[in-house]
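K.L.:
next input, structure requested:
(one chain, ligands or ions: 3)
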Amino acid sequence: MLDRALGEPERRGPRIGSAATTNANRNMTTDRASARAPARVTVPELRRMKTRGERIAVITAYDATFARMLDEGGADVLLVGDSLGMVVQGLDTTLPVTVDEMIYHCRAVARGTKRALIVGDMPFMSYQVSIEEALRNAGRFLAEGGAHAVKLEGGEPMAATIARVVSVGIPVMAHVGLTPQSVHAMGGFKVQGRGEDDAERVLRDARAVADAGAFAVVLEGIPTELAQRITAAIDVPTIGIGAGVHCDGQVLVSYDLLGLTPDLKPKFVKRYAELFADGRAATERYVEEVRSGAFPAPEHSFGAAPAKKSDAPEKPAYGPSDA
Ligand SMILES: Nc1nc(=O)c2c([nH]1)NC[C@@H]1CN(c3ccc(C(=O)N[C@@H](CCC(=O)O)C(=O)O)cc3)CN21
Ligand SMILES: CC(C)C(=O)C(=O)O
Ligand SMILES: [Mg+2]
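P.N.:
Ligands and ions are numbered 1, 2, ... in the order given. Next up, the predicted model:
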């Protein structure tokens, strides 16, 4: 429990280190984790899921509590998306999000996750300037953020970068089609690959990143038939968002899935809960009860001298719990 509270990312994934460290981690897995915790989803497992025709469920997560909820709900992959700039930070685009911010959120998600593979989304300008910068920043997501893989946007022009990052043992999820970090070049969050030439470009992009060694490819905002062609053309799983019904998996922003983004309802979003409306209604009841004096009631209050039933040390009213 203590190591979970501290959230050391090195306990959560493969990490280069001494043989002693590796053995210690292995023993910990054997003695403590494997009996109760489900096996961690791995990159090779995701590739096998495509060959078995099993669909892959990906959801974005930005903090430990959501990560725990989504992990227990069975998500195969938790993507710490740079969409956090829009849903957590309140920005209009993802462009201002920094590597330090992404790593902070990755660490929180890593602490809340037992089974899902954790993918860190590389933010704008953290991998475009040079392959060296891409390597250094990708490495930080694993070493400091506790992520198991990184994602980056771009097709053919990013293939050499993806190949280099993959070559040092960092799994890369690619992302083609509607790439939100290119919002200004696209003139908005616009569906891509609609014309014949543009469809060919997106298909070339997907082929290039798969050939470069990406373990999966996010297809965002493209027509159903194009996503179907791409899914058939490449061996690695396609993960769709606004890309129709034929992809090998799906990804959705958790805030959209849970109904926390009341002002944003793109066509590809399905809401499985209405947490914004529920949370607002709960807040209204709380505010009303504070104003009327209905909350707090006696059962929410502490006495001056707690009755001692035994000589056992008193439990603190609140503090670290082993639950
Ligand atoms: N909350 C949230 N959900 C997301 O899916 C998401 C983010 N934020 N932030 C980063 C990007 C931005 N995304 C978006 C945002 C809006 C549309 C949108 O309004 N699309 C129109 C289609 C426009 C067209 O016709 O070309 C739509 O109606 O779906 C699409 C993707 C996807 N990502
Ligand atoms: C929507 C997914 C694919 C993403 O890139 C994000 O959440 O940032
Ligand atoms: Mg993103």
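K.L.:
what residues of the host helix or strand of Glu289 count as buried?
P.N.:
Using DSSP states H and E, Glu289 maps to helix 275-292. Using 16 or more other C-beta atoms under 10 Å as the test for burial, helix 275-292 gives Leu275, Phe276. Just so you know, the C-beta spots here come from the backbone N, C-alpha and C atoms, and that holds for glycine as well.
K.L.:
ok, stretch 217-224 next?
P.N.:
Quick answer for stretch 217-224 (16+ other C-beta under 10 Å): Val217, Val218, Leu219, Glu220, Gly221, Ile222, Pro223.
K.L.:
hmm, that stretch in reach of ligand 3?
P.N.:
No - shown here: stretch 217-224 not in contact with ligand 3 (C-beta under 5 Å from the ion), separated by at least 8.2 Å.
K.L.:
pretty sure Tyr272 contacts Tyr255?
P.N.:
No - using C-beta atoms under 8 Å as the test, Tyr272 is too far from Tyr255 to be in contact (11.8 Å).
K.L.:
residue in this protein nearest to ligand 1?
P.N.:
Nearest to ligand 1, among the residues of the chain, is Pro266, at 3.2 Å (C-beta to the nearest ligand atom).
K.L.:
and that residue, what does it touch?
P.N.:
Phe189, Gly242 (C-beta atoms under 8 Å, 6 or more residues apart in numbering).
K.L.:
and it, what pLDDT?
P.N.:
If you check Pro266, the pLDDT there is 91.
K.L.:
from ligand 3, how far out is it?
P.N.:
Per C-beta to the ion, to the nearest Å, Pro266 is found 14 Å from ligand 3.
K.L.:
where does that residue fall, phi/psi-wise?
P.N.:
phi -60, psi 160 (degrees, to the nearest 10).
K.L.:
so which strand or helix has the nearest residue to Ile170 once chain neighbours are set aside?
P.N.:
Spatially, and ignoring its direct neighbours in sequence, Ile170 is nearest to Ala138 (4.9 Å; C-beta to C-beta, 6 or more residues apart in numbering). Here Ala138, judged by DSSP H and E, is contained in helix 131-143.
K.L.:
for the helix holding Glu289, what is the average pLDDT?
P.N.:
98.
K.L.:
and that helix with ligand 1, contact?
P.N.:
No - under the criterion of C-beta under 6 Å from any ligand atom, helix 275-292 makes no contact with ligand 1; the nearest approach is 11.8 Å.
K.L.:
give me the contacts around that helix.
P.N.:
Leu258, Gly259, Leu260, Thr261, Pro262, Ala294, Phe295.
K.L.:
so what's the third one up against?
P.N.:
With contacts taken as C-beta under 8 Å, 6+ apart, Leu260 has the following neighbours: Val87, Ser254, Leu275, Phe276, Gly279.
K.L.:
who's in contact with the closest residue to ligand 3 within the stretch 101-250 of the chain?
P.N.:
In the stretch 101-250 of the chain, the residue that lies nearest ligand 3 is Asp121 (4.4 Å; C-beta to the ion). Listed by C-beta under 8 Å, 6+ apart, the contact set of Asp121 reads Leu79, Val80, Gly81, Asp82, Ser83, Met102, Val150, Lys151, Leu152.
K.L.:
and those residues near ligand 3, which?
P.N.:
Gly81, Asp82.
K.L.:
what about the residue nearest to Ile170, how many residues nearby?
P.N.:
29 (other C-beta atoms under 10 Å).
K.L.:
how about Gly187?
P.N.:
Gly187: 8 neighbours (other C-beta under 10 Å).
K.L.:
cool, Met125 as well?
P.N.:
14.
K.L.:
name the element it belongs to?
P.N.:
Since the elements are taken from DSSP H and E, Met125 ends up inside neither a helix nor a strand.
K.L.:
coming back round to it: quick one: buried residues of the helix holding Ala138?
P.N.:
Buried, per 16+ other C-beta under 10 Å, within helix 131-143: Ala134, Leu135, Asn137, Ala138, Gly139, Arg140, Phe141, Leu142.
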